[in-house]
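1. Sequence and computational prediction follow.
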Amino acid sequence: MDGIFSADLIDHVPDSTAALREWARITAPGGVLLLFHRSGRAERAARHGRPLDPDDLLAEENLHPALHVTGWDLLGHEDAAHHFLARAVRVG
């Protein structure tokens, strides 16, 4: 695979580390991973009546190491009001 596009998914898989590792396994070195959500983290938290979770995988400080240990290098992280987008490249 040259790339993976995940829309509104990573929050719903039972083991996000296993998913990231499997996506890395099937993606060629230099391939791209895009994690997308049609709303930002703050908007989703507000919609569900809860505060932002500091342990949220998609927080940049959590996502960067999670991607690194599963074979990805985080290149971009956008957590805007109306969308979330993280771009990573397959290492190796």
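-> Yep, that arrived. All values reported here derive from a predicted model rather than from experimental measurement.

2. Touching the helix or strand bottoming out on mean pLDDT in the chain from outside, list them.
-> In the chain, no helix or strand scores lower on mean pLDDT, DSSP states H and E than helix 41-47, which sits at a mean of 94. With contacts defined as Cβ atoms under 8 Å, 6 or more residues apart in numbering, helix 41-47 is touched by 37, 39, 51-53, 56, 58-59, 79, 81-82, 84. No exception for glycine: its C-beta is placed from N, CA and C like everyone else's.

3. Enumerate the positions of the helix or strand following that helix that are buried.
-> Per DSSP states H and E, the first helix or strand lying C-terminal to helix 41-47 is helix 60-69. Going by neighbour count (16 or more other Cβ atoms under 10 Å), the buried part of helix 60-69 is 63, 66-67.

4. Which strands or helices does the helix or strand just after helix 60-69 pack on?
-> Sequence-wise, the next helix or strand downstream of helix 60-69 (DSSP H and E) is strand 72-80. Other elements packing on strand 72-80 under the criterion 3 or more Cβ pairs under 8 Å, 6 or more residues apart in numbering; DSSP states H and E are helix 60-69, strand 83-90.

5. Out of the ones you listed, which gets nearest to residue 22?
-> Of all the helices and strands packed on strand 72-80, strand 83-90 sits nearest to residue 22, with 12.2 Å by Cβ to Cβ.

6. what angle sits between the closest one and helix 60-69?
-> Here the directions of strand 83-90 and helix 60-69 differ by 30 degrees (axes from the mean of the first three to the mean of the last three Cα atoms, to 10 degrees).

7. contacting residues around strand 83-90?
-> Surrounding strand 83-90, the residues in contact under the criterion Cβ under 8 Å, 6+ apart are 24, 27-41, 58, 63, 67, 71-78.

8. What strands flank it, and is each parallel or antiparallel?
-> Strand 83-90 has the following sheet partners, assigned by DSSP bridges: strand 32-37 (antiparallel), strand 72-80 (antiparallel).
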